[in-house]
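# Give me coordinates for this.
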Amino acid sequence: QVQLVESGGGLVQAGGSLRLSCAASGRTFSMYKMGWFRQAPGKEREFVAAIIWGGGSTDYADSVKGRFTISRDNAKNTAYLQMDSLKPEDTAVYFCAASYQRPWLTSSAGSAYNYWGQGTQVTVSS
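Model prediction:
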């Protein structure tokens, strides 16, 4: 069992930056691949970024490629999402997720993840 807690959300102006953190409980964090997803009001949840267990491979949604960076620190049981050049359309609740299924491969499918955090709100004003 893994418990995930996101932090770092908030209100920022367009063009600004935020860094989200996802703290995981348990001693096996390094055995999980991690993902970030987001859900805007009235919209479906969508994939944002993913990283494999060792951090050697990442994947991004086209909408955030070049602006967002996913990383992890297995010694701190924490995953991060650095968000730069934020746009109003990035406004959403951001969720981190963990998966023990094929952790050597990234996945953009929500169904591939076994554990989810409660989410953190990111609001980008124009």
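# low pLDDT regions in the chain?
Along the chain, no part satisfies pLDDT under 70.
# if we go to 80?
For the chain, the stretches with pLDDT under 80 are 26-27.
# Tell me where it has strands.
Applying DSSP state E to the chain gives strands spanning 4-7, 10-13, 18-24, 33-39, 46-51, 58-60, 68-73, 78-83, 92-99, 115-116, 120-125.
# To Ser108, which of these lies closest?
Checking these against Ser108 by C-beta to C-beta gives strand 46-51 as the closest, at 4.0 Å. (C-beta placed from N, C-alpha, C; glycine too.)
# ok, and what's touching the closest one?
Contact partners of strand 46-51, identified using C-beta atoms under 8 Å, 6 or more residues apart in numbering, comprise 33-39, 57-61, 64, 68-72, 79, 81, 94, 106-110.
# what angle separates it from strand 92-99?
For strand 46-51 against strand 92-99, the angle by axes from the mean of the first three to the mean of the last three C-alpha atoms, to 10 degrees is 40 degrees.
# Just give the nearest non-adjacent residue to the residue positioned nearest the centre of the chain, would you?
Centroid-nearest residue in the chain: Trp36, 2.3 Å away (criterion: C-alpha atoms, centre = their mean). Spatial nearest neighbour of Trp36, excluding adjacent residues (C-beta to C-beta, 6 or more residues apart in numbering): Val48 at 4.3 Å.
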